[in-house]
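here you go, sequence then predicted model.
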Amino acid sequence: MLSRELGDDAELRPLEPWQAAEFAAYVDRVRDSLQPWISWAYTIVDEESARAFLQGHADRQASDTGRIFGIYASGALVGGVVYRSFDTAHRVCEIGVWLAPEARGRGLVTAAARVLIDWALKVRGMARVEWLCDPRNQPSIATAKRLGFVHEGTHRKAFSINGEHRDAQVWAIVT
């Protein structure tokens with residue numbers, strides 16, 4: 001079992017297919033807070049869909065194109081961070097994050113994202129780490145700023161959630 005201490009009785013751990021029941025229960029519990037921002041909050045509806053989602057990330061980890069981690073506080077899954085993309089040929093990756101409402105305000109996402117940023121830049125030699133978010137997602141924007149990301153622009157109608165086209169702000173750290 002691999003984990004990384006985040007402080008405040010919290011840790012970062014890989015999320016793997018064998019944890020599908022736990023992940024499905026987590027998504028079900030916090031679905032309303034995730035749906036405005038995260039498309040998989042609509043599609044992970046049971047253990048089977050959670051297992052398929054986590055297996056996709058396991059396959060991406062095996063091919064070195066992505067990874068997913070859970071944020072745990074007092075032993076309970078409260079959020080996560082993911083390399084949504086991890087392109088070693090171009091040395092560019094993108095980080096995504098989410099957190100349960102009751103775990104907010106403790107710096108857990110900032111600490112977990114810092115682990116991913118540092119590993120990508122210092123260990124894997126990435127030249128660019130991206131952070132994309134809906135311009136209406138003020139907590140995500142505040143976290144990007146805390147982490148030192150620079151706002152580069154906005155892609156209009158860049159993605160869709162539940163049939164609604166959304167803009168995506170592009171934030172980046174470059175070396």
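On my side now, so go ahead. Numbers count the residues shown, from 1 in each chain.

okay, strands next: where are they in this protein?
4-7, 10-14, 67-73, 76-87, 92-99, 128-133, 150-161, 164-174 (DSSP state E).

with distance to Glu22 and mean pLDDT added, can I get those strands in a markdown table?
For the C-beta atoms, the positions are set from N, CA and C on the backbone; glycine is no exception. What follows is the strands of the chain, written out as a markdown table (distance: least, CB to CB, whole Å; pLDDT from 0 to 100):
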| stretch | distance to Glu22 | mean pLDDT |
| --- | --- | --- |
| strand 4-7 | 18 | 92 |
| strand 10-14 | 11 | 97 |
| strand 67-73 | 8 | 98 |
| strand 76-87 | 6 | 98 |
| strand 92-99 | 15 | 98 |
| strand 128-133 | 26 | 98 |
| strand 150-161 | 24 | 96 |
| strand 164-174 | 29 | 97 |
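
now distance to Ala112 and mean neighbour count too, for those, in TSV please.
Formatted as TSV, the strands of the chain follow (distance: least, CB to CB, whole Å; neighbours: other CB atoms under 10 Å):
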stretch	distance to Ala112	mean neighbour count
strand 4-7	6	14
strand 10-14	5	19
strand 67-73	5	22
strand 76-87	5	20
strand 92-99	7	22
strand 128-133	13	21
strand 150-161	20	12
strand 164-174	15	16
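
so for Pro36, which of those sits nearest?
Among the strands of the chain, the nearest to Pro36 by CB to CB is strand 150-161 (7.7 Å).

sheet partners, orientation included, of the closest one?
Sheet pairing for strand 150-161, assigned by DSSP bridges, gives strand 164-174 (antiparallel).

rewinding a little: can you add distance to Thr110 and give the strands of the chain back as JSON lines?
Putting those into JSON lines (distance: least, CB to CB, whole Å) gives the following:
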{"stretch": "strand 4-7", "distance to Thr110": "9"}
{"stretch": "strand 10-14", "distance to Thr110": "11"}
{"stretch": "strand 67-73", "distance to Thr110": "11"}
{"stretch": "strand 76-87", "distance to Thr110": "10"}
{"stretch": "strand 92-99", "distance to Thr110": "9"}
{"stretch": "strand 128-133", "distance to Thr110": "12"}
{"stretch": "strand 150-161", "distance to Thr110": "16"}
{"stretch": "strand 164-174", "distance to Thr110": "14"}
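
which of the ones you listed sits closest to Gln35?
strand 150-161 (7.6 Å).

what sits up against stretch 95-104?
Identification of contacts with stretch 95-104 by CB atoms under 8 Å, 6 or more residues apart in numbering yields 26, 29-30, 33-34, 37-38, 71, 73, 78-84, 108-109, 112-113, 116-117, 120, 129-132, 139-140, 143.

cool, and stretch 19-33?
By CB under 8 Å, 6+ apart, stretch 19-33 touches 15, 34, 40-41, 44-51, 53-54, 70, 77, 100-101.

that concludes my questions; thank you for your assistance.
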